[in-house]
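Q: Here is a sequence together with a model predicted from it:
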Protein chains: 2
Amino acid sequence: MPKNGTATMHDVARLAGVSIATVSAVINNTAVVSPTRAQKVREAMKALDYHADQVARSLKTGRTNVIGMVIPDVTNAFYPDVISGAEEIATRAGYSLILCNANEDPVQEQRLLSTLFSRRVDGVLIACSDSSTAYDSLMRRRFPIVFFDRIPTGFRGAAVATDNLAAGYQATRHLIELGHERIAIIAGNMELSPHAFRSEGYRKAMQEAGLPVHNEYFRIGALKVDNGYQFGLELLGLAARPTAIFCTNNKMLLGLVRAIGELKVNCPAEVSIVGVDDFTWTENFNPKLTTVAQPSRDIGRKAMELLLEQVGADKENLGARAQRQVILAPELRIRNSTARPASPSQRLNALAV
Amino acid sequence: MPKNGTATMHDVARLAGVSIATVSAVINNTAVVSPTRAQKVREAMKALDYHADQVARSLKTGRTNVIGMVIPDVTNAFYPDVISGAEEIATRAGYSLILCNANEDPVQEQRLLSTLFSRRVDGVLIACSDSSTAYDSLMRRRFPIVFFDRIPTGFRGAAVATDNLAAGYQATRHLIELGHERIAIIAGNMELSPHAFRSEGYRKAMQEAGLPVHNEYFRIGALKVDNGYQFGLELLGLAARPTAIFCTNNKMLLGLVRAIGELKVNCPAEVSIVGVDDFTWTENFNPKLTTVAQPSRDIGRKAMELLLEQVGADKENLGARAQRQVILAPELRIRNSTARPASPSQRLNALAV
DNA sequence: GCACGAAATCGAAACGTTTCGCTTTACAAC
DNA sequence: GTTGTAAAGCGAAACGTTTCGATTTCGTGC
């Protein structure tokens, strides 16, 4: 007879005429119970609509079966994909997911991490908003944590990310092979590993091809749609306008596309563009966008798998497991936003202006 | 001296030379403590890096400060927007969000709800995958719950949704005003309230204008990109091809756009299309899409606000609060995917074929 | 009928808090 | 000093589980 509206093990035990230890044994089948009694217990549970109190259980066992996930910006379409992958694995393993949005703010991020810790989550999945070593306190506690997408500089623990150097290289290489020489880059925040590596890949490809990287072709420091728009306007307004632009962030790419549309610059005839991240809708754009796709769902899946390994492991071999880093391959998807540049003579004219 | 690696109130109390009751009083300032002792306690907390155990606290207080959120399909871009709105309000109020993906599967949904209940979340936000009365058990317990977007038929409790009848009406009315008469609809799953209402709006507009609704123009029963693609192929292959199509679901709209592109049908010259849901990228499509936008973020915000009201309320006035339904206005955004139909004579010819 | 071991069941402590009623302390007034 | 009173501090009981050692029950062989 539940008093509060919610039945407890006591209620079940009383109704079934057994001790609460027996009820516990039936629930977790952690000890052998005679069939008749087990049956009675099960009936009582059903009759009372008993749902074990996970809070009490957690207090006793020290595990909550909850994973915290901290992401920098929910409005970036890349992250929901990652989340869904992580959620899939978590649910399958009997874990729930607490979702936190840090809003690209290190302070808020710290607060969120602190809350998650207070809630005694079994582990944390995080794409950091801060590249600093603010995560030391967690690491020192040997708290299970896996970084994904954005990885703090010099971090040696478990992490999952796209091979962003390859991504930047492939994108740039593609443009070079088409014959472009004046290739600009809109490169996000260089403090963040994905953007740093993608620019690095860009640099590598340019260097290999013996092409110079003009300072004015290298736009960095922001992540929003508007920033992409601004950078786009600036680049396209340059006397020596680039014939191709590589944009390392999908939101800024949106801004860039808008700028191109507004200036009525013909893409790809006058300027080619390549972005990072690919979505169901990318190929419905005008023109269809060439992008380097990240395996976003897999990043979520893999990161969660790594984390659950750590969570399950005992302190002894946690060390080894906590070291694993997984780098997933990106995939260049060539569509209609990239093409051969206008004829060389034209290009020289443009340079001369 | 934390034994396990995590300090407890006992440790703090010992180090500060006070009782744990005093520590509790300092933390929650629920009683007045002399400045000197309070200071000592605070120092001890800092020294031990004490983080209150929210699990134990929840067991004692009966509140977890966690809200469960169940959504039918994370890959539908509409939901991440709603989530971010809900998360914003929750975090601000000191609540965390457990995210669950039901995958459009009522069975899985029931399991998730059961898990959430076991975790003793303080309330649930849900867009149901099942229109049935499977939620009765929760309602009967007077468990705080708010439905959003999808609302079970006949449900009388708290809910937030777009005025979907108006959405369907506005979209169809827009097409009619342009001069269209043969207007088809791709209408999702009619068991789900948003789609049912949007079709209703479509019907209403058609009726008002004295236009017939042909059976073959009425495609229902699915939600995926591929379904939209199939329906698109079928509709465009009709002898009496519609001159306009209203699609009630953003994923199916993507499929429809693909079908149009593949058949090389000119939009909007040969066929106009209107969708529901608007995203940053909708206007980068070719052509730019005319859509009825939902205030998705506001839906999330409002739903969370309603829920927190219920959670905060005592059982007495919960009844009143639990009744509120909020209907938000949609907004038609006219772009380039809708235009006047081809000349009447042509239309008659097409019909005669 | 008894002793014995195995099988089944149980009681009670613990997990880390909150909270309430009780005790101690401090201080002012006489 | 004593007393009275308000302010501060404390002890211990819960919250709903798990778990382990202790106890009961049972069947078997003699």
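A: Received it, and whenever you're ready, just let me know what you need. Bear in mind the structure is a predicted one, so any value in this text is a computation, not a measurement.
Q: Could you report the neighbour count for residue A:46?
A: By other C-beta atoms under 10 Å in any protein chain shown, 10 other residues sit near residue A:46. For the C-beta atoms, the positions are set from N, CA and C on the backbone; glycine is no exception.
Q: is the helix or strand hosting it up against chain B anywhere?
A: If you go by DSSP states H and E, residue A:46 is part of helix A:35-48. No: using C-beta under 8 Å from any C-beta of the partner chain, helix A:35-48 stays clear of chain B, coming no nearer than 12.3 Å.
Q: which helices and strands does whatever helix or strand comes next after that helix pack with?
A: Remark: after helix A:35-48, the chain's next helix or strand is helix A:54-61, criterion DSSP H and E. Applying 3 or more C-beta pairs under 8 Å, 6 or more residues apart in numbering or on different chains; DSSP states H and E, one finds that helix A:54-61 contacts helix B:54-61.
Q: starting at the chain centroid, how far to the helix it packs on?
A: 30 Å (C-alpha atoms, centre = their mean, to the nearest Å).
Q: how many degrees apart are that helix and helix A:54-61 in direction?
A: Taking axes from the mean of the first three to the mean of the last three C-alpha atoms, to 10 degrees, one finds helix B:54-61 and helix A:54-61 inclined to each other by 130 degrees.
Q: Just the CA trace of helix B:54-61, in CSV.
A: What follows is helix B:54-61, C-alpha atoms only, in CSV (Å, rounded to 0.1, in the frame of the first residue of the first chain):
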residue,chain,number,x,y,z
GLN,B,54,23.2,15.4,-5.5
VAL,B,55,22.2,11.8,-5.4
ALA,B,56,22.0,11.7,-1.6
ARG,B,57,20.4,15.0,-1.5
SER,B,58,17.7,13.8,-4.0
LEU,B,59,17.0,10.7,-2.0
LYS,B,60,16.4,12.9,1.1
THR,B,61,14.5,15.7,-0.5
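Q: Give me the contacts around that helix.
A: A:53, A:55-56, A:58-59, A:64, A:118-120, B:64-65, B:120 (C-beta atoms under 8 Å, 6 or more residues apart in numbering or on different chains).
Q: would you list these in a markdown table and tack on distance to residue A:21, pLDDT and neighbour count?
A: Shown next, in a markdown table, are the contacts of helix B:54-61 (distance: C-beta to C-beta, whole Å; pLDDT from 0 to 100; neighbours: other C-beta atoms under 10 Å in any protein chain shown):
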| residue | distance to residue A:21 | pLDDT | neighbour count |
| --- | --- | --- | --- |
| A:53 | 16 | 97 | 19 |
| A:55 | 20 | 98 | 23 |
| A:56 | 15 | 98 | 16 |
| A:58 | 19 | 98 | 23 |
| A:59 | 18 | 97 | 18 |
| A:64 | 23 | 97 | 23 |
| A:118 | 31 | 96 | 16 |
| A:119 | 29 | 97 | 22 |
| A:120 | 25 | 97 | 18 |
| B:64 | 26 | 97 | 23 |
| B:65 | 31 | 97 | 19 |
| B:120 | 23 | 97 | 18 |
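Q: Could you dump these into CSV and include distance to DNA strand C?
A: Output for the contacts of helix B:54-61, formatted as CSV (distance: C-beta to the nearest atom of the strand, whole Å):
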residue, distance to DNA strand C
A:53, 11
A:55, 9
A:56, 7
A:58, 9
A:59, 4
A:64, 12
A:118, 9
A:119, 12
A:120, 9
B:64, 12
B:65, 12
B:120, 13
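Q: May I ask which two of these are separated the most?
A: Using C-beta to C-beta, those reach their maximum pairwise distance at A:53 and A:118, which is 19.1 Å.
Q: Show me what from chain A comes close to DNA strand C.
A: Contacts of chain A with DNA strand C, taken as C-beta under 7 Å from any atom of the strand, map to A:17-22, A:25, A:31-34, A:36-37, A:56, A:59-60.
Q: near DNA strand D, from the residues you listed?
A: Answer for the residues of chain A next to DNA strand C near DNA strand D (C-beta under 7 Å from any atom of the strand): A:20-21, A:25, A:56, A:59-60.
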